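1. What follows is a predicted structure for the sequence shown.
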Amino acid sequence: MSLPVIAIDGPAASGKGTLARRVAAAYGFAHLDTGSLYRAVGVLLLRLGKDPGDADAAAKIARALKPDDTILTDPDLRGDEAAQAASQVAVVPEVRAALLDFQRGFAKHPPGDARGAVLDGRDIGTVICPDADAKLFVTASVEVRADRRLKELQERGIPAIPSDVLEDMKARDARDSQRAVAPLRPAGDAFVLDTSAMNAEEALAAAIAHIGSKT
Ligand code: C5P
């Protein structure tokens, strides 16, 4: 019998990562932040002195990525440079193909004694796990998301200009939703959760109510 899988997609700073961690903890499921895979490929590429647009080098790195690689927990992955590089390597079809097996493997055989898996990203419900037991598409207005990102940067002591954060957010949204392969969009059967006016507790309660109705 296959274990339950929950797919959580959405744009940057929508709150999907926090929500995915909390949903996983609530059910005793393993959690995979799939954005960290694309970030890892982007950071490794930069460390090799390559251009983030170098498709061949990016695909080679993606094919070699393993679940226990230390790069996946490297603090450099959280920076904005990593985020921009990630969204550039994410448009390369060979990179996406290489990371597909990694993600499906996690969904099918979650690590440890987890009783299921939660994957969050951009294309989990549409491409990676189209048969997921429950699908959530978490969103919020671009202004609310830029404001959240700004606060997060300030808390980490990183100086940022509000208008630049908003422009970066819009640029990443455009790249993620307009790319030819696996663009960011809600799956037809996804529950759309707009967190613009919600705190993390309210988002979790809404997600659990939806998942409960599906499983
Ligand atoms: O979610 P996060 O902001 O860490 O993702 C970084 C970038 O990785 C995204 O902007 C997107 O381009 C890419 N990504 C993706 N598909 C996923 C997860 C992330 O294309 N499933």
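-> Done, it's in.
2. I'd like the distance between the most centrally placed residue in the chain and residue 161.
-> By CA atoms, centre = their mean, the chain has its centre lying nearest to residue 121, at 2.8 Å. Per CB to CB, to the nearest Å, residue 121 is found 28 Å from residue 161. From N, CA and C alone the C-beta is placed, and that goes for glycine too.
3. do residue 154 as well
-> Taken as CB to CB, the span from residue 154 to residue 161 is 11 Å.
4. neighbours around the nearest residue to the residue nearest to the centre of the chain once chain neighbours are set aside, how many?
-> Of all residues beyond its chain neighbours, the one nearest residue 121 is residue 34 (3.5 Å), with distances taken as CB to CB, 6 or more residues apart in numbering. Neighbours of residue 34 under the rule other CB atoms under 10 Å: 21.
5. Which pLDDT value goes with residue 34?
-> Note on residue 34: pLDDT of 97.
6. Which neighbouring residues are in contact with residue 102, exactly?
-> Residue 102 sits next to 37, 65, 67 when contact means CB atoms under 8 Å, 6 or more residues apart in numbering.
7. what about it, which SS state?
-> helix (DSSP: H, G, I helix; E, B strand; the rest coil).
8. Just give me the neighbour total for residue 105.
-> 12.
9. Now do the same contact list for the nearest residue to residue 194 once chain neighbours are set aside.
-> Once flanking residues are discounted, residue 194 sits nearest to residue 139: 5.5 Å by CB to CB, 6+ apart. Residue 139 makes contact with 10-11, 14, 192-195 under the criterion CB under 8 Å, 6+ apart.
10. any idea how far residue 139 is from residue 145?
-> On the measure of CB to CB, residue 139 and residue 145 end up 9 Å apart.
11. shared neighbours of the two, anything?
-> 11, 14.
12. Who are the contact partners of residue 104?
-> 128-129.
13. Might one say that residue 67 is in contact with residue 110?
-> No: counting by CB atoms under 8 Å, residue 67 stays clear of residue 110, with 10.7 Å between them.
14. Those residues of this structure touching the ligand, which are they?
-> Residues of the chain found near the ligand (CB under 6 Å from any ligand atom) are 12, 34-35, 38-39, 83, 86-87, 90, 121-123, 172, 176.
15. Quick check: the farthest pair among the residues you listed?
-> Maximum pairwise distance in the residues of the chain next to the ligand, criterion CB to CB, is 16.8 Å, between 83 and 123.
16. Can you pick out the residue with more neighbours from those two?
-> Set residue 83 next to residue 123 and count neighbours by other CB under 10 Å: residue 123 wins out with 23 against 20.
17. Now that one: phi and psi?
-> Main-chain torsions, residue 123, degrees, to the nearest 10: phi -130, psi 30.
18. Tell me how far it lies from residue 143.
-> Distance from residue 123 to residue 143, by CB to CB: 25 Å.
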